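Colleague: Below: sequence and its predicted model.
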Amino acid sequence: MSLLNSSHTPQLVTTDGEIIPDGWTLLADEDESGLGMGGVDGPYVLGFDRALKALDGLNGHYGVRVNPGDDVRLLLPFIEKITLIEVNFPGYRDGRGYSTARILREEGYTGTIRAVGDVLRDQLFLMLRCGFSEFLVKDKDPVQAIAAAKSRFSVFYQGAADTNRPVWALRHPAEG
């Protein structure tokens, strides 16, 4: 973990730079409390393997924690029940979470994709491009960190999961 960020309490911030409370509870795999009880579900975040086993029989909306190496495509049959997908970055050197977010957006997932774990200021720009919508960031000023990431570049050479058009598409608009 970065020394710069290690002394700050993580704060949940949106792509708009708003700090928000985290109303979700991560359930341990053996914890059955709350699941489907009394017709009220969530807001619970389930582990990936537990989600694959349980979501088919559950009603309501849930979150799922995805770790590096989990094949997020396996969640697609349950996507209507998944409101939040937390993508875990156990270390800043592990970039598989970027692909997870991009795959989800390319498959049409419109819900919240949250970056959790070792989320650093320097990663926010690429996380935004890949389709993340919330970030649990350890930073002195996460609002400023998001603003800086969003304003870092004004044009892009490659398409991504965000709505920014690559510069070649801006130079050569489709002939009408």
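Modeller: Nice, I can see it.

Colleague: Only C-alpha atoms from now on, for both contacts and neighbour counts.
Modeller: Will do.

Colleague: where does the chain have low pLDDT?
Modeller: For the chain, the stretches with pLDDT under 70 are 1-7, 32-42, 155-160, 163-168, 170, 175-176.

Colleague: tell me what the longest strand along it is packed against?
Modeller: Counting by DSSP state E, the longest strand found in the chain is strand 82-89. Packing contacts for strand 82-89, counted by 3 or more Cα pairs under 8 Å, 6 or more residues apart in numbering; DSSP states H and E, involve strand 62-66, helix 96-106, strand 112-117.

Colleague: how does it look with 10 Å?
Modeller: With contacts defined as 3 or more Cα pairs under 10 Å, 6 or more residues apart in numbering; DSSP states H and E, strand 82-89 has these neighbours: strand 44-47, helix 48-54, strand 62-66, helix 96-106, strand 112-117, strand 134-137.

Colleague: Report the backbone C-alpha coordinates of it in PDB.
Modeller: The C-alpha trace of strand 82-89 is given here as PDB (Å, rounded to 0.1, in the frame of the first residue of the first chain):
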ATOM      1  CA  ILE A  82     -27.100  -7.300  -8.900                       C
ATOM      2  CA  THR A  83     -27.200  -3.600  -8.000                       C
ATOM      3  CA  LEU A  84     -23.600  -3.200  -7.000                       C
ATOM      4  CA  ILE A  85     -20.400  -5.000  -8.000                       C
ATOM      5  CA  GLU A  86     -17.400  -4.400  -5.800                       C
ATOM      6  CA  VAL A  87     -14.100  -5.000  -7.600                       C
ATOM      7  CA  ASN A  88     -11.400  -5.800  -5.200                       C
ATOM      8  CA  PHE A  89      -7.800  -4.500  -5.800                       C
END
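
Colleague: still on that earlier bit, out of the helices and strands packed on strand 82-89, which is the most enclosed?
Modeller: Among the helices and strands packed on strand 82-89, judged by mean count of other Cα atoms under 10 Å, the one packed with the most neighbours on average is strand 134-137 (a mean of 26).

Colleague: what does that strand rub up against?
Modeller: With contact meaning Cα atoms under 10 Å, 6 or more residues apart in numbering, strand 134-137 is reached by 5, 8-20, 22, 84, 86-87, 112-121, 124, 127-128, 142-143, 145-146.

Colleague: Buried ones only from the residues you listed, please, as a PyMOL command.
Modeller: PyMOL command restricting the contacts of strand 134-137 to the buried ones, with burial defined by 16 or more other Cα atoms under 10 Å:
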select buried, resi 5+10+11+12+13+14+15+17+19+84+86+87+112+113+114+115+116+117+118+119+120+121+124+127+128+142+143+145+146
